[in-house]
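> build me a structure from this.
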Amino acid sequence: MHILMTGGTGLIGRHLIPRLLTLGHQISVVTRDVAAAREKLDARVALWSGLAQQQNLDGVDAVINLAGEPIADKRWTEQQKQRLCESRWQITERIASLINASHAPPRVLISGSATGYYGDTGELVLTEEDQGQEEFTHSLCARWEQLALSAQSERTRVCLLRTGVGLASEGGALSKMKLPFKLGVGGPIGSGKQYLPWIHIDDMVNAILWLLDRDDLSGPFNMVAPYAVRNEQFAATLGHVMHRPAFMRTPASAIKMMMGESSVLVLGGQHVLPKRLEASGFGFRWYDLQEALQDVVGKPAGKGAA
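Okay, the predicted model is just below:
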């Protein structure tokens, strides 16, 4: 298949592309910085400097849309919120319009979203049928999904990836989480009772490949391991795996002072189940958090990581 991808140099893209190449697919990656992407990606990957010059996506069999500015890197000023939205919405809207303009459109659009779609939902146990509650992460993800779904037709199915915290040996949220533990000051954040939906990067990649191949699947999928954990359990397990103390609780007030409104990303959470993935027959490899963390924390970063 000829697969067009956005976000190819991000955490998921860097792990997904080698698997797609091994399976014999032809990969094109849309990037704003061709030179930087060329250094990071396999020489077999074709690079597109944008989508402005495209009239349609004839000749593309599938689109995997993972682009978006990292959500937790900066405080959420109104300007930063706008950037977070536009970095996802604009390219998704463009992809959908190109698919709709195609004579022979891609058979599938697999498009990013996040468990933040549900908002900070406390103790509620959530599946894909649940509607999110009104807050910034929900508004961001709901519009992102809506734009992707505008590409759906009898000829193009759309799958939405409501992704949790991806666990990988390098990059992603885990890199930041490990730092306090390395310094000996790791521990729970706030009450520690908030749920943290996680997924091992290998399961994430395998689930995307599963959705790519299954013509009967469409709609939202919670890309999370079947057993969510609370923040305090995650902290204790990470400390154990890293052989570091994990008792230094960071008060909610300190997190709010550092992060402002974006503190909801770590002080809040969602207890999310991968109901639709499991119902489709997908088998997770990584159920147990300790095993998953031992695999990624004790593993050297692979070639192609950036």
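
> going by C-alpha atoms from here, please, whenever you check contacts or count neighbours.
Noted.

> quick one: the strands in the stretch 201-306 of the chain?
Using DSSP state E, counting those that start in this stretch, the strands of the stretch 201-306 of the chain run over residues 219-223, 229-230, 271-272.

> out of these, which is the most enclosed?
Highest mean neighbour count of the strands of the stretch 201-306 of the chain: strand 271-272, a mean of 26 (counted as mean count of other C-alpha atoms under 10 Å).

> who's in contact with it?
115, 121-127, 195-197, 222, 224, 228-229 (C-alpha atoms under 8 Å, 6 or more residues apart in numbering).

> sorry, back to before: now the strands of the stretch 201-306 of the chain in CSV, with distance to residue 2?
Shown next, in CSV, are the strands of the stretch 201-306 of the chain (distance: least, C-alpha to C-alpha, whole Å):
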stretch, distance to residue 2
strand 219-223, 22
strand 229-230, 38
strand 271-272, 33
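
> low-confidence regions, the stretch 51-200 of the chain specifically.
Filtered on pLDDT under 70, the stretch 51-200 of the chain yields no residues whatsoever.

> where do the helices sit along it?
In the stretch 51-200 of the chain, helices defined by DSSP state H, counting those that start in this stretch lie at 78-100, 136-149, 172-182, listed in chain order.

> measure the residue sitting furthest away from the middle of the chain to residue 78 for me?
The C-alpha centroid of the chain is most remote from residue 103, which lies 30.4 Å away (C-alpha atoms, centre = their mean). Using C-alpha to C-alpha, to the nearest Å, we find residue 103 at a distance of 40 Å from residue 78.

> among the contacts of strand 271-272, which one lies nearest to residue 151?
Distance to residue 151 across these (C-alpha to C-alpha) is lowest for residue 222, with 20.2 Å.

> any idea of the pLDDT on the closest one?
pLDDT, residue 222: 98.

> name whatever forms a beta bridge with it.
Here residue 222 sits in beta bridges with residue 162, going by DSSP bridges.

> distance of residue 62 relative to residue 5?
Residue 62 is 9 Å from residue 5, by C-alpha to C-alpha.
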